[in-house]
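Colleague: 3D model of this:
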Amino acid sequence: MSDKKRINISGGQTFGYNQNNNYGMTFSGNIMASNVDRTIDESQQKTLAEAAAEIQQILQQLEQSNPTETTAGKMAVVTQAIKIVENKPTLKQRVIEALKSSGTEALKEALDNPVANILIAACEGWTEP
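Modeller: Next up, the predicted model:
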């Protein structure tokens, strides 16, 4: 039998935990949806910004040593960028989360790079099971 602890907070809110260190909160009354939506949007924007910034840096480094005037040159940069992202599991996960939460167009806009369309099209495959 677990020993449950409860802390009552004004407005019918309860915070509790048990010996297994399982935490939980219950609320009664109205929860303002705008606050919840704003928190989610800020989290999505942060994920998008982090993923875009790191990919942008990778693309800029690759473009310094690889010509991108031709389609073949752009494809070469994208291929190298994909290899780099795949070897960084944390970055790959951020890209997947950004694509799922913010969408393809938002990531393309955040990257603002001529090869972004090709790269994002390749990355979209990671979001499918």
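
Colleague: Kindly state the domain boundaries assigned to the chain.
Modeller: With automatic domain parsing as the criterion, the domains of the chain are listed as 1-31, 43-127.

Colleague: Show me what counts as buried in the lengthiest helix in the chain.
Modeller: If you go by DSSP state H, the chain has its longest helix at helix 33-65. By neighbour count on 16 or more other Cβ atoms under 10 Å, the buried set for helix 33-65 is Q44, T47, L48, E50, A51, A52, E54, I55, I58, L59, L62, E63. Where C-beta positions appear, they are placed from N, C-alpha and C, glycine not excepted.

Colleague: So the residue nearest to T68 when sequence neighbours are not counted, which state does it fall into?
Modeller: Nearest non-adjacent residue to T68, counting by Cβ to Cβ, 6 or more residues apart in numbering: K74, 5.0 Å away. Here K74 is helix, with the state taken from DSSP: H, G, I helix; E, B strand; the rest coil.

Colleague: residue contacts, K74?
Modeller: The contact partners of K74, taken as Cβ atoms under 8 Å, 6 or more residues apart in numbering, are T68, P114, V115, I118.

Colleague: how about the residues you listed in a markdown table, adding pLDDT and neighbour count?
Modeller: Output for these, formatted as a markdown table (pLDDT from 0 to 100; neighbours: other Cβ atoms under 10 Å):
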| residue | pLDDT | neighbour count |
| --- | --- | --- |
| T68 | 89 | 18 |
| P114 | 85 | 13 |
| V115 | 90 | 20 |
| I118 | 89 | 18 |
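
Colleague: Looking at those, which are in helices?
Modeller: Per DSSP H, helices hold the following members of the contacts of K74: I118.
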